[in-house]
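Participant: compute the structure for the input listed below.
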Amino acid sequence: MTIIIDLDVMLAKRKMKSNELAQRIGITEQNLSILKTGKAKAIRLTTLDVICRELNCHPGDILRYSKDNKA
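Facilitator: Predicted coordinates for the structure are as follows:
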């Protein structure tokens with residue numbers, strides 16, 4: 001089981017680049033990259049909140065559960 005992060009999909013839908021989102025939400029591009037690639041072990045709810053606010057989406061739009069460890 002694993003959590004899949006579809007942040008790239010939502011960024012594409014919003015026609016926004018990663019560096020723009022990182023600047024808007026106040027985190028480094030490196031930390032955003034770690035989150036996007038699924039290498040993050042955790043995400044703060046406050047970070048998830050500002051990401052959703054900036055992308056005008058819900059947490060379920062960028063996070064999903066996969067029972068099979070497959071994207």
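
Participant: for this protein, what's the longest helix?
Facilitator: Using DSSP state H, we find that the single longest helix of the chain is helix 45-55.

Participant: what is the rounded mean pLDDT of that helix?
Facilitator: Per-residue pLDDT values over helix 45-55 give a mean of 96.

Participant: mind listing what's buried in it?
Facilitator: Thr47, Val50, Ile51, Cys52, Leu55 (16 or more other Cβ atoms under 10 Å). C-beta here means a position set from N, CA and C on the backbone, and glycine is covered the same way.

Participant: restricting to C-alpha, output the lowest-mean-pLDDT helix or strand in the chain in CSV.
Facilitator: Scoring the helices and strands of the chain by mean pLDDT, DSSP states H and E places strand 2-5 at the bottom, with a mean of 90. The C-alpha atoms that make up strand 2-5 are tabulated as CSV, following Å, rounded to 0.1, in the frame of the first residue of the first chain:
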residue,chain,number,x,y,z
THR,A,2,1.2,3.5,-0.8
ILE,A,3,0.0,7.1,-1.2
ILE,A,4,0.4,8.4,-4.7
ILE,A,5,1.0,12.1,-5.1
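
Participant: relative to helix 45-55, how tilted is the helix or strand harbouring Gln23?
Facilitator: Following DSSP states H and E, one finds Gln23 within helix 18-25. Helix 18-25 and helix 45-55 are oriented at 120 degrees to each other (axes from the mean of the first three to the mean of the last three Cα atoms, to 10 degrees).

Participant: what comes up buried for helix 18-25?
Facilitator: For helix 18-25, a neighbour-count test (16+ other Cβ under 10 Å) marks Leu21, Ala22, Ile25 as buried.

Participant: OK, contacts around the first one?
Facilitator: Residues near Leu21 by Cβ atoms under 8 Å, 6 or more residues apart in numbering: Leu11, Leu32, Ile51, Glu54, Leu55.

Participant: gap between it and Asn56?
Facilitator: 12 Å (Cβ to Cβ, to the nearest Å).
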